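**Student:** when you get a sec, could you give me coordinates for this:
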Amino acid sequence: MASKLAQRTKTTVEGGKRIGSALISVYHKDGLDEIVRELHRLHVHLYSTGGTQEFIEGLGVPVTPVEDLTGYPSILGGRVKTLHPKVFGGILGRRELASDVAQLEEYGIPPIDLVIVDLYPFEATVAQGGSESGIIEKIDIGGISLIRAGAKNHTDVTIVASKAQYPELFRILREQNGVTSLVQRKTLAAQAFDVSSRYDGAIHDWFLGDAGDQLLLPVPVHSLRYGENPHQSARFHGDLAELFEQHNGKELSYNNLLDLDAAIALIDDLAAIKGPGEAFAILKHNNACGAAIRPTLRTAWDAALAGDPVSAFGGVLIATAPIDRATAEAMDTIFFEIVCSSGYSPEALEILSRKKNRIILTRRGVKRPALNYRSALNGVLEQTPDNVVNDAASMRTITEKMPSAQDLDDLVFANVLVKHTKSNAIVLAKDRQLLASGTGQTSRVDALEQAIAKAAKFNFNLEGAVMASDAFFPFPDCVTIAARAGIKAIVQPGGSIKDQDSINAANANGLAMVLTGDRHFKH
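**Tutor:** Okay, here's the model as predicted:
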């Protein structure tokens, strides 16, 4: 054995390590068959346990049971199978360290070059309402230990901790004849520790109950071209393929992802209040510069673009319905970076794909995160999302003048838009069309004046329009300015100790005012 082991430790091809043996123990078998056959083609000695062993044998591929290696059967109802020095010694033994090699030879421990293991479905068992005893049994011990051992000794061992890595492993086996580079092994080790970290985090959260939900960055990790600016590096922790199908265009950037996050949050709220008809929105730098609800998608696009055709240049477009040919032809007349929708007609997709860098995305049905995180100082802020959508029934009129049914439709629409606009924010709307907004101002008066000036720039008549504010009015000045501009109804959360001053100003100017009780700051 000494000569064979010494030869194994020296087996390198262009600095790589050839896989000569593998331990396979997985819960999910889908996709494993082609990996096993490829390992067999390369004459890799396979070790396995239980159901995985039976699966490999069913493929007609030779496999050594772990029990034959360790001299012990699986015991305690399967709780102990691989926890043995002959398994972990084979994984953790350092091939270039003479003392480790000598001990492996002394105790007859064969080196294990590849570990393929996944973990019991703990999170799925919890989600399905499993019993406490059933959940406890899905806390993996051997699997998590194998993952950590393989990842720790990545200098010599290749660790595959999820079926998500099967395509990369298959490519290595097929194209590199089972020779792995250190870079590949280190990358797989990092991914393995991500898997173990998330798994342990889920167990931690379950034990703590409502006190859980610790911050764990999701996998996979996508390296982005750069961050918010070209001199900043960036990565995205998450599965973009789970969120979108990309039909055309370049790779999504850091800023693209921020805009898409804002666009999806906005369009989902517009979908909740649109009723009959469709909604279209155009965003720049996370703020809507155009939005409208109309009977058809094409007319919604026209109305959204009219809100600010200048800012729409290079924007992110999103809709509540599949893009049809007529809408695509109208959209194709301007430059925009991204369009995201639930689908596209074949003609629309052909039209929109004419520009090779234009990013075309179809949304998949994935839920948004239950918590929002943001780095701050030397830590992380955590909060629940602002999921409140104020409908007409939740708006309380506090002025002498009552809003009409049309006013209420516009107030609900404007309030959704102001919720998704950077604070301090004011939105002006009419006939469920965004006329103008004041965004990210340090003064609410400045935000209102900005919105009025912008509406005038694009020739909108504010007579009969409505106004939404993301927070209360500490003084009546905004109400007075709005009245002079032609605004007829206002929605705001209320809550100021001087609310009555603003109510008095609205009454004095014949305006309707409603309160929602919900502030919508966005920073």
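**Student:** any weak-confidence spans in this structure?
**Tutor:** Counting by pLDDT under 70, the chain shows low-confidence ranges at 1-15, 75, 78-82, 208-220.
**Student:** pull the longest helix from it.
**Tutor:** helix 182-208 (DSSP state H).
**Student:** in that helix, what's buried?
**Tutor:** Across helix 182-208, burial judged by 16 or more other CB atoms under 10 Å covers 184-185, 188-189, 191-196, 198-203, 205-206. For the C-beta atoms, the positions are set from N, CA and C on the backbone; glycine is no exception.
**Student:** quick one: list the elements packing against it.
**Tutor:** Here helix 182-208 touches helix 122-127, helix 142-152, strand 158-160, helix 166-175, going by 3 or more CB pairs under 8 Å, 6 or more residues apart in numbering; DSSP states H and E.
**Student:** so which of the ones you listed comes closest to Leu104?
**Tutor:** Leu104 lies closest, by CB to CB, to one member of these: helix 142-152, at 14.3 Å.
**Student:** just the angle for that closest one relative to helix 182-208, thanks.
**Tutor:** Counting by axes from the mean of the first three to the mean of the last three CA atoms, to 10 degrees, helix 142-152 points 150 degrees away from the direction of helix 182-208.
**Student:** what separates helix 142-152 from the chain centre, distance-wise?
**Tutor:** 27 Å (CA atoms, centre = their mean, to the nearest Å).
**Student:** now swap in stretch 438-448 and tell me
**Tutor:** 31 Å.
**Student:** contacts for that stretch, please.
**Tutor:** Stretch 438-448 is contacted by residues 287, 421-426, 449-451, 454, 467, 469, 471, 473-474, 477-478, 481-482 when judged by CB atoms under 8 Å, 6 or more residues apart in numbering.
**Student:** pull out the buried members of those residues.
**Tutor:** The neighbour-count test (16+ other CB under 10 Å) marks 287, 421-426, 449-451, 454, 467, 469, 471, 473, 477-478, 481-482 as buried among those.
**Student:** now, those that are in strands?
**Tutor:** Among the buried ones among the contacts of stretch 438-448, the members falling in strands (DSSP state E) are 287, 426, 467, 469.
**Student:** Ala453 is in contact with the second one, correct?
**Tutor:** No - contact between Ile426 and Ala453 fails when scored by CB atoms under 8 Å: they sit 11.6 Å apart.
**Student:** how many residues are close by Thr327?
**Tutor:** Look at Thr327: counted by other CB atoms under 10 Å, it has 29 neighbours.
**Student:** so how far is His237 from it?
**Tutor:** The gap separating Thr327 from His237 is 34 Å, by CB to CB, to the nearest Å.
**Student:** also Ala151?
**Tutor:** 18 Å.
**Student:** just want the most central residue of the protein.
**Tutor:** In the chain, the residue lying closest to the centroid (CA atoms, centre = their mean) is Gly238, at 5.1 Å.
**Student:** so what's the backbone phi/psi at that one?
**Tutor:** phi 160, psi 170 (degrees, to the nearest 10).
**Student:** what is the most widely separated pair among the ones in strands among the buried ones among the contacts of stretch 438-448?
**Tutor:** Asn287 and Met467 (16.7 Å).
**Student:** returning to what we had before: any idea how far the longest helix of the chain is from the chain center?
**Tutor:** Taking mean C-alpha positions (CA atoms, centre = their mean), helix 182-208 and its chain are 18 Å apart.
**Student:** returning to what we had before: just name the closest of the ones in strands among the buried ones among the contacts of stretch 438-448 to Gln383, please.
**Tutor:** Lowest distance from Gln383 to those (CB to CB) belongs to Asn287, with 20.3 Å.
**Student:** circling back: make TSV from the helices and strands packed on helix 182-208 and add distance to Ile497 to it.
**Tutor:** Shown next, in TSV, are the helices and strands packed on helix 182-208 (distance: least, CB to CB, whole Å):
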stretch	distance to Ile497
helix 122-127	46
helix 142-152	56
strand 158-160	61
helix 166-175	61
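**Student:** tell me the most buried of the ones you listed?
**Tutor:** Looking across the helices and strands packed on helix 182-208 with neighbours counted as mean count of other CB atoms under 10 Å, the highest average goes to strand 158-160: a mean of 26.
**Student:** quick one: contacts of that strand?
**Tutor:** Against strand 158-160 from outside (CB under 8 Å, 6+ apart): 17, 19, 113-117, 147, 150-151, 166, 169, 172, 180, 184-185, 188-189, 192.
**Student:** try stretch 350-368
**Tutor:** Taking CB under 8 Å, 6+ apart as the rule, stretch 350-368 contacts 242-250, 252, 256, 260, 264-265, 323, 325, 328-329, 331-332, 336-344, 349, 385.
**Student:** repeat the analysis, applying 6 Å as the threshold.
**Tutor:** Contacts made with stretch 350-368 from outside it, assessed by CB atoms under 6 Å, 6 or more residues apart in numbering, are listed as 242-250, 328, 332, 338-340, 342-343.
**Student:** how about those residues, which pair is most distant?
**Tutor:** Going by CB to CB, the pair spanning the contacts of stretch 350-368 furthest: Glu242 and Asp332, at 28.8 Å.
**Student:** of those two, who's got more company?
**Tutor:** Legend: neighbour count by other CB under 10 Å for Glu242 and Asp332, higher for Asp332 (15 against 11).
**Student:** measure Phe460 to Asn509 for me?
**Tutor:** To Asn509, Phe460 is 20 Å away according to CB to CB.
**Student:** the helices and strands packed on helix 182-208: which one's closest to Gly51?
**Tutor:** helix 142-152 (13.1 Å).
**Student:** Thr70: neighbour count?
**Tutor:** 17.
**Student:** from here on, count from 8
**Tutor:** Fine by me, first position is 8 from now on; the one you just mentioned is Thr77.
**Student:** I'd say it and Lys93 touch.
**Tutor:** Yes - between Thr77 and Lys93 there is a contact under CB atoms under 6 Å: 5.0 Å.
**Student:** show me what contacts His91?
**Tutor:** When contacts are counted by CB under 6 Å, 6+ apart, His91 touches Thr77.
**Student:** quick one, phi psi at Cys296?
**Tutor:** The phi/psi pair for Cys296 (degrees, to the nearest 10) is phi -110, psi -10.
**Student:** sec struct for the closest residue in space to it that isn't next to it in sequence, please.
**Tutor:** Excluding the flanking residues, the one nearest Cys296 by CB to CB, 6 or more residues apart in numbering is Ser318, at 3.7 Å. At Ser318, secondary structure determined by DSSP: H, G, I helix; E, B strand; the rest coil is coil.
**Student:** thanks again, I'm all set now.
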